[in-house]
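[1] What follows is a predicted protein model with its sequence.
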Amino acid sequence: MIGVGKIKQYSNVLDKPLSRGKQEFCLQVSLSAFAFLFSELVQYNQTQVDNIAELERRLEDAGYAVGARVLELLCHRDKGNRRETRLLGILSFVHSTVWKVLFGKVADSLEKGTEHEDEYMISEKELLVNRFISIPKDMGTFNCGAFVAGIVRGVLDGAGFPAVVTAHFVPMEGQQRPRTTILIKFAEEVLRREARFS
Amino acid sequence: MIVCIAVVGHQNNPLYLQSFTEADDALKLHHIVHCSLDVIDERVNNPKKTGSTLNETYLGLLYPTENYKVYGYLTNTKVKFILVTTHLDVRDADVRNFFRRFHSAYVDAVSNPFHVPGKKITSQTFAERVSTIVKSFGLSSAV
């Protein structure tokens, strides 16, 4: 009877297949655990710096490390090892696959900037990392979404699309809390390469 | 017989090189791996056929030398895996399988928060897993 009906035990959590079907929205990590960890991360960095820009940069660097690893993992696990070479391809990869794996849902919207050719925006009604955070008035335009901006920058950089990524609050009429927008500004070489392709 | 396996970063910096025979010295293997980088660059920048092979990760047989065969594999982040083997009748499917498992081990090694991207991979677990994969490669294709 040994071995009959035995479910395969995964020794490594990275080996477990992603939830599919009914368990689609089942989070693998508890939200409160992450919220506590993230708040500690922000508080720790706050004691080490003396201005807002430095704090944002540190959160972004933390996110960058996550983004680089997420890219490796997702490309191996999910995408069947195909490389993304086009701009729209990598943007929709970030917008759906990466968001799905990290936050359990796809991002709310992906838009192309109207003023500049190299700007794209991913918007979210409320970022998961910001859910339990309220910014005090004297911190101005600081946004803890800088962590998510760092993740996006890590993914884009690893895939060969260097970009500057920032997070902004965009006030919406008719809603109390402002929407969060991740602004992606690609480097010159990416646009030149894209122009050569098309 | 797999002679050596190497991981090369996206700026062509060596991240990991492991040889599995005592006979050849490391310098010669470094040289072979270094030469194969040129072949990879040429394959990536001038694709022979457009379409499906443009985004393929497995690059196949790169070039045969007098007693070695060199296989290449390119990941999404431009990290290259090079496999040098003396096996005469190695099958394509075996090499693909090998690279798939090696990629798994590589992703696990990189996900280590203490690993600095761009530096050499120093994880013991990674080295052990690679040895296991290499051993099973020899056995499965000795049909």
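    Sure, I can see it.
[2] helices and strands around the least confident helix or strand in chain B by mean pLDDT, which ones?
    When the helices and strands of chain B are scored by mean pLDDT, DSSP states H and E, strand B:58-64 comes last with a mean of 77. Using 3 or more C-beta pairs under 8 Å, 6 or more residues apart in numbering or on different chains; DSSP states H and E, the elements in contact with strand B:58-64 are helix B:26-45, strand B:69-74, helix B:92-110. (C-beta placed from N, C-alpha, C; glycine too.)
[3] can you list contacts of that strand?
    With contacts defined as C-beta atoms under 8 Å, 6 or more residues apart in numbering or on different chains, strand B:58-64 is touched by A:81, B:35-36, B:39-40, B:43, B:69-74, B:82, B:92, B:95-96, B:99.
[4] rewinding a little: among the helices and strands packed on strand B:58-64, which is the most enclosed?
    When the helices and strands packed on strand B:58-64 are scored by mean count of other C-beta atoms under 10 Å in any protein chain shown, the highest mean neighbour count falls to strand B:69-74 (a mean of 23).
[5] mind listing what's buried in the top helix by length along chain A?
    Longest helix in chain A, counting residues (DSSP state H): helix A:52-77. Using 16 or more other C-beta atoms under 10 Å in any protein chain shown as the test for burial, helix A:52-77 gives A:55-56, A:58-60, A:62-77.
[6] name the helices or strands packed onto it?
    Against helix A:52-77 (3+ C-beta pairs under 8 Å, 6+ apart) you get helix A:31-48, helix A:99-103, helix A:146-158, helix B:92-110.
[7] any idea how far the first one is from the chain center?
    Right, the one you point to is helix A:31-48. Offset of helix A:31-48 from its chain centre (C-alpha atoms, centre = their mean, to the nearest Å): 17 Å.
[8] Give the buried residues for it.
    So for helix A:31-48, counting by 16+ other C-beta under 10 Å, buried means A:Phe38, A:Leu41, A:Val42, A:Asn45.
[9] quick one, that helix and helix A:146-158 angle?
    Inter-element angle recorded for helix A:31-48 and helix A:146-158: 90 degrees (by axes from the mean of the first three to the mean of the last three C-alpha atoms, to 10 degrees).
[10] returning to that earlier point: how about TSV for the helices and strands packed on strand B:58-64, with distance to A:Ala149 and mean pLDDT added?
    Below are the helices and strands packed on strand B:58-64 laid out as TSV (distance: least, C-beta to C-beta, whole Å; pLDDT from 0 to 100):
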stretch	distance to A:Ala149	mean pLDDT
helix B:26-45	30	81
strand B:69-74	28	85
helix B:92-110	22	85
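[11] Any stretches of chain A with poor pLDDT?
    The model of chain A has pLDDT under 70 over residues A:1-11, A:13, A:16-28, A:78-83.
[12] ok, now with 80
    Along chain A, segments meeting pLDDT under 80 span A:1-30, A:75-85, A:104, A:129-130, A:134-144, A:171-178, A:197-198.
[13] Quick check: residues of it near chain B?
    Within chain A, the positions lying close to chain B (C-beta under 8 Å from any C-beta of the partner chain) are A:12, A:14-15, A:65, A:68-69, A:71-73, A:75-77, A:79, A:81-85, A:158-160.
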